[in-house]
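>>> Sharing a model that was predicted from the sequence below.
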Amino acid sequence: MIISRTPTRISFFGGGTDYPVWYLENGGMVLSTSINKYSYITVRYLPKIFDYKFRIRYFKTEEVQSLDEIKHPSVRECARSLGIVDGFEVIHHADLPAGTGLGSSSTFTVGMLHSFYSLLNYMPTKRELALEAIKIEQEVIGESVGSQDQIAAAFGGFNKITFGGKNKFEVDPIIMKEERLVELHSKLLLCFTGFSRSASDIARHQILETPSKVRELRVMEELTNEALNIVRDPLSDLNDFGKLLGENWKVKRSLTPQISNSAIDEIYRTALNNGAIGGKILGAGGGGFMLLFADESKHQSIRNALFNIEFVPFRFEETGSKIVYYSHE
């Protein structure tokens with residue numbers, strides 16, 4: 001039996017430049033961190049005494065005789081990619097629901113690959129995990145997704161991720177003193193807008209619009225570089241990072257009308273009116289989680305004003321996808 005634990009992520013800057021339609025010609029760069037909200041996947045070979053060959057349990061339960069019958073695309077294609085033909089059981093548990101902007105679908109794919117690789121007694125590198133997950137999601141399943149989520153889930157940590165072409169990326173950890181990292185974390189609030197959405201559907205619109213959004217994406221690249229300068233300079237004011245988040249959100253929401261809506265705009269407006277310096281919707285947009293940036297002294301007033309919104313505590317994490325249990329029995 002194998003159990004993998006794979007983190008979700010918060011993307012601060014650069015989202016949109018991690019789509020192949022952009023970075024294959026222009027390069028791309030994102031600033032993100034993995035967080036301690038995980039996807040857990042348990043995998044084992046299924047004894048032949050059952051009257052089905054494959055059992056998959058997520059929010060549905062599948063009990064089927066062949067890989068082709070498995071409806072969950074990630075489970076099916078990860079198994080097929082690694083040549084797993086013996087019967088197996090997959091059980092999925094998650095700290096947070098899908099469709100909320102934290103990269104959960106890619107987290108699942110990375111964790112699924114990690115578990116299956118381990119079932120085959122092979123320990124992949126973080127780069128292998130990320131590249132295989134990108135290939136499966138973008139080329140095999142045909143999802144409209146970028147390439148940052150798979151890398152964040154596999155590598156973990158607070159990183160600058162740069163894209164230089166097909167299968168070419170670099171992960172550079174952000175080096176900060178512990179007290180400054182703690183200060184940055186203390187200014188962040190993660191709140192759930194109350195509704196989830198299909199990231200792939202929204203991303204599909206954004207990808208189609210990308211050729212006409214060159215100016216906006218260039219501005220987002222500039223903001224990413226400015227944000228990097230702030231976090232790397234120990235003398236800079238971290239509140240400037242929050243202001244940049246707000247500027248980035250203005251640009252991001254102009255990429256396609258599906259990214260924001262009246263409910264999201266009202267949440268953001270209320271947060272600003274009660275002390276937030278900046279913020280953004282996470283992931284493709286349209287719902288899910290919103291990240292807010294504010295001095296810690298303003299957090300309670302923001303929570304009070306958004307009393308009908310769920311706030312979720314979190315921490316930065318550094319390990320990436322990990323096998324937390326491994327047994328031959």
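Nice, thanks for sending it over. Numbering: from 1, shown residues only.
>>> roughly how far apart are Phe314 and Leu96?
9 Å (Cβ to Cβ, to the nearest Å). Yep, even glycine has a C-beta here, placed from its N, CA and C like the rest.
>>> which residues are common contacts for these two?
By the contact definition Cβ atoms under 8 Å, 6 or more residues apart in numbering, Phe314 and Leu96 are jointly contacted by Lys37.
>>> per-residue pLDDT, the closest residue to Ser106 other than its chain neighbours?
If the residues on either side of it in the chain are set aside, Ser106 comes closest to Asp149, at 3.6 Å by Cβ to Cβ, 6 or more residues apart in numbering. Asp149 is assigned 96 on the pLDDT scale.
>>> Quick one: residues in contact with the helix or strand where Asp149 lies.
Asp149 belongs to helix 148-155 when assigned by DSSP states H and E. Residues outside helix 148-155 that contact it (Cβ under 8 Å, 6+ apart): 6-9, 11, 14-15, 18, 30, 32-34, 103, 105-107, 109-111, 126-127, 129-130, 133-134, 137, 159, 161, 169, 171, 320-321.
>>> Could you list the low-confidence segments of this structure?
195-203, 205, 284-285, 329 (pLDDT under 70).
>>> Report the distance from the longest helix anywhere in it to the chain centre.
Longest helix of the chain, by residue count under DSSP state H: helix 214-232. With Cα atoms, centre = their mean, to the nearest Å as the basis, helix 214-232 stands 19 Å off its chain's centre.
>>> same check, this time on stretch 8-16
Distance, centroid of stretch 8-16 to centroid of chain: 7 Å (Cα atoms, centre = their mean).
>>> In the helix or strand hosting Cys78, which residues are buried?
Using DSSP H and E, Cys78 sits within helix 73-81. Residues Pro73, Ser74, Val75, Arg76, Glu77, Cys78, Ala79 are the ones in helix 73-81 that count as buried (16 or more other Cβ atoms under 10 Å).
>>> which residues sit against that helix?
With Cβ under 8 Å, 6+ apart, helix 73-81 has contacts from 56, 67-68, 70, 88, 90, 105, 108-109, 112-113, 116, 132, 135-137, 140-141.
>>> which among those residues end up buried?
For these, buried by 16+ other Cβ under 10 Å: 56, 67, 70, 88, 90, 105, 108-109, 112-113, 116, 132, 135-137, 140-141.
>>> What residues does Lys252 make contact with?
Contacts for Lys252 (Cβ under 8 Å, 6+ apart) come out as Gly15, Gly16, Met220, Ile259, Lys280, Ile281, Gly285.
>>> Mind putting those into JSON lines with distance to Asn304?
Output for those, formatted as JSON lines (distance: Cβ to Cβ, whole Å):
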{"residue": "Gly15", "distance to Asn304": "30"}
{"residue": "Gly16", "distance to Asn304": "33"}
{"residue": "Met220", "distance to Asn304": "32"}
{"residue": "Ile259", "distance to Asn304": "27"}
{"residue": "Lys280", "distance to Asn304": "22"}
{"residue": "Ile281", "distance to Asn304": "21"}
{"residue": "Gly285", "distance to Asn304": "26"}
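>>> related to what we said a few turns ago, right, and the helix or strand after the longest helix of the chain?
By DSSP H and E, the next helix or strand past helix 214-232 is helix 239-252.
>>> and the helix or strand following that next one, C-alpha only, in PDB?
Toward the C-terminus, helix 239-252 is succeeded by helix 262-273 as the next helix or strand (DSSP H and E). The C-alpha atoms that make up helix 262-273 are tabulated as PDB, following Å, rounded to 0.1, in the frame of the first residue of the first chain:
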ATOM      1  CA  SER A 262     -20.200  41.000  -9.400                       C
ATOM      2  CA  ALA A 263     -20.000  38.700  -6.400                       C
ATOM      3  CA  ILE A 264     -16.200  38.500  -6.500                       C
ATOM      4  CA  ASP A 265     -15.900  42.300  -7.100                       C
ATOM      5  CA  GLU A 266     -18.100  43.000  -4.100                       C
ATOM      6  CA  ILE A 267     -16.000  40.700  -1.800                       C
ATOM      7  CA  TYR A 268     -12.800  42.500  -3.000                       C
ATOM      8  CA  ARG A 269     -14.400  46.000  -2.600                       C
ATOM      9  CA  THR A 270     -15.500  45.200   0.900                       C
ATOM     10  CA  ALA A 271     -12.100  43.900   1.900                       C
ATOM     11  CA  LEU A 272     -10.400  47.100   0.600                       C
ATOM     12  CA  ASN A 273     -12.900  49.300   2.400                       C
END
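>>> what's the distance between Glu221 and Leu228?
11 Å.
>>> ok, now Ser260?
Ser260 is 25 Å from Leu228, by Cβ to Cβ.
>>> One more: Tyr122?
35 Å.
>>> neighbour-wise, which of those two wins?
Taking neighbours as other Cβ atoms under 10 Å, Tyr122 and Leu228 compare with Leu228 leading, 19 against 10.
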